[in-house]
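1. Test case, fold it:
(chains A and B)
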Amino acid sequence: MSYNSGKPTYVHALILAAFSTGFGALLAFTDLFTDEPIKQRRIEDLQNSLVQVLPPAIYDNNPALDTIMIAGEDGKERKIFRATKAGQVTGVAYETYGQGYAGQIKIIMGVDPEGKILGVRAVQHKETPGLGDKIDPKKGPWILQFNGLSIDNPPPAMWKVKKDGGQFDQFSGATITPRAVVTGIRKGLEFFSANKPKLLEAH
Amino acid sequence: MSTKYSTIIKDGLWENNGVLCQLLGMCPTMAMTTSATNGFGMGVATMLVMAASNFFVALFRNYITQEVRIPVYILIVAAMVTLVDLTCNAWMHELYKVLGLFIPLIVSNCLPLGRLEVFASREPVIPSFMDGLFMGAGFTLALTVIGAMREISGAGTLFADASLLLGPAFKVLETRIFREDAAVLMMILPPGGFLATGLLIAAKRKLDLAMGKQIQMAGAHSVG
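-> Alright, predicted model coming up:
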């Protein structure tokens, strides 16, 4: 088979242009039809993770849609999901991050107006299966021990894994992952104390 | 054209299997076979892309000039991948959460591109579609078996989370073979991918020899 068709260059250009236009149009149509369902799925995903850190009993609004933006100490805007009941803020949920063994661990945490943790979940991580993934509640109860704790309970010096002189267990064979999660949560609580008035401001 | 469907089917599934003979598509083969379920899901997504892109390339094969064929092929594969990606995200969201990260990788999988070049660009539409379908099925078969080997030895389970991917009816497939702490963790880590793939290729050759076949060092360029 010859690799040279002997046709002038503009013919190839036209062919390429025709295919790009045709398949581009196909994709545009697909996007048109899937855009709405995909947005819906995203909101559902968000609600699913929010339900785990904000008990549905404490609010009568939709925290996934009731959001405010507050700048953290690193200057980056954070999205805050607020749970309110009769106009009063009963809890806030936001993301915090820990540096894990294999990249960032994305944590979502819910905190009540007194600064006590309502729930914590690692929503995105690439930790080693069988070792670091015990932070997932499906694989073990480790992540649940943070419920009810706050920045003063235990005292700040104890917000570490046992290996670093703190009070939280690491897993056998994995210290970096729990350390990252504990640090992430502590940072999240510090963010809460620093921004408490703004976080709890009524509508 | 003397294209026989039985040959296409046999080539795709066994004789010229994309993973085990052509050794193409190694990236998803290694990355997505940490469990049989993941391997199966990745295989099916690739199969859809292959069947669709083979179909389109065969349909337009007389209009694609030699000089621009590679960009056109990549354009078509990329369009099909995006199509699968969007559709999965919208209507098969549970599956998408498992595979989402890896679907875009199909674009860089050499297997679809290889089949476009050696098969779909020369053969009529229906045989090309069948070739894509069965090459994809062979890919799925290989990924599922490698996934099963790694999952059994590495986690002690088989088809874990199959109900998440295929629906609650497939809960029966989920089996625990032995205790989790008795498993060899290495097998679900990256080295396990190489070990399992190597063992499977060796086993296939052994089987072929036992059946009195010649072992061919086939490459992407040899059309079955």
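2. quick one: residue A:186 from residue A:193, how far?
-> 11 Å (CB to CB, to the nearest Å). For glycine as for every other residue, the C-beta is placed from the backbone atoms N, C-alpha and C.
3. what's the pLDDT at residue B:138?
-> Turning to residue B:138, the model gives it a pLDDT of 96.
4. Contact residues of chain A facing chain B?
-> Proximity of chain A to chain B, by CB under 8 Å from any CB of the partner chain, involves residues A:1-5, A:7, A:11-12, A:15-16, A:19-20, A:23-24, A:26-27, A:30-31, A:33-34, A:37-38, A:41, A:44-45, A:128-131.
5. let's see 6 Å
-> A:3, A:5, A:7, A:12, A:15-16, A:19, A:23, A:27, A:30, A:34, A:37-38, A:41, A:129-130 (CB under 6 Å from any CB of the partner chain).
6. of those, the lowest pLDDT goes to which?
-> Note: of the residues of chain A next to chain B, the lowest pLDDT belongs to residue A:3, at 60.
7. quick one: the longest helix belonging to chain B to chain centroid distance?
-> Assignment by DSSP state H gives helix B:125-155 as the longest helix of chain B. Distance of helix B:125-155 from the chain centroid (CA atoms, centre = their mean, to the nearest Å) equals 4 Å.
8. can you pull the buried residues of it?
-> Of all the residues in helix B:125-155, those buried under the rule 16 or more other CB atoms under 10 Å in any protein chain shown are B:125, B:127-155.
9. between residue A:186 and residue A:193, who's got more neighbours?
-> residue A:186 (18 against 13; other CB atoms under 10 Å in any protein chain shown).
10. Can you name every helix or strand that the helix or strand that contains that one contacts?
-> Assessed by DSSP states H and E, residue A:186 sits inside helix A:176-200. Secondary-structure packing of helix A:176-200 (3 or more CB pairs under 6 Å, 6 or more residues apart in numbering or on different chains; DSSP states H and E): strand A:88-100, strand A:103-111.
11. ok, which stretches of chain B are strands?
-> Using DSSP state E, the strands assigned to chain B run over residues B:157-158, B:175-176.
12. Switch those over to CSV; also include mean neighbour count and mean pLDDT.
-> CSV is the format used below for the strands of chain B (neighbours: other CB atoms under 10 Å in any protein chain shown; pLDDT from 0 to 100):
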stretch, mean neighbour count, mean pLDDT
strand B:157-158, 19, 88
strand B:175-176, 12, 85
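13. How many residues are close by the closest residue to residue B:149 other than its chain neighbours?
-> Spatial nearest neighbour of residue B:149, excluding adjacent residues (CB to CB, 6 or more residues apart in numbering or on different chains): residue B:196 at 4.5 Å. Look at residue B:196: counted by other CB under 10 Å, it has 24 neighbours.
14. And for stretch B:170-179, what's in contact with it?
-> B:152, B:156-160, B:162-163 (CB atoms under 6 Å, 6 or more residues apart in numbering or on different chains).
15. pull the helix or strand with minimum mean pLDDT from chain A.
-> The helix or strand of chain A with the lowest confidence, counting by mean pLDDT, DSSP states H and E, is strand A:67-71 at a mean of 86.
16. who does that strand pair up with?
-> When sheet partners are counted by DSSP bridges, strand A:67-71 sits next to strand A:77-85 (antiparallel).
17. in the partner strand, what's buried?
-> Residues of strand A:77-85 classed as buried by neighbour count (16+ other CB under 10 Å): A:78, A:80-84.
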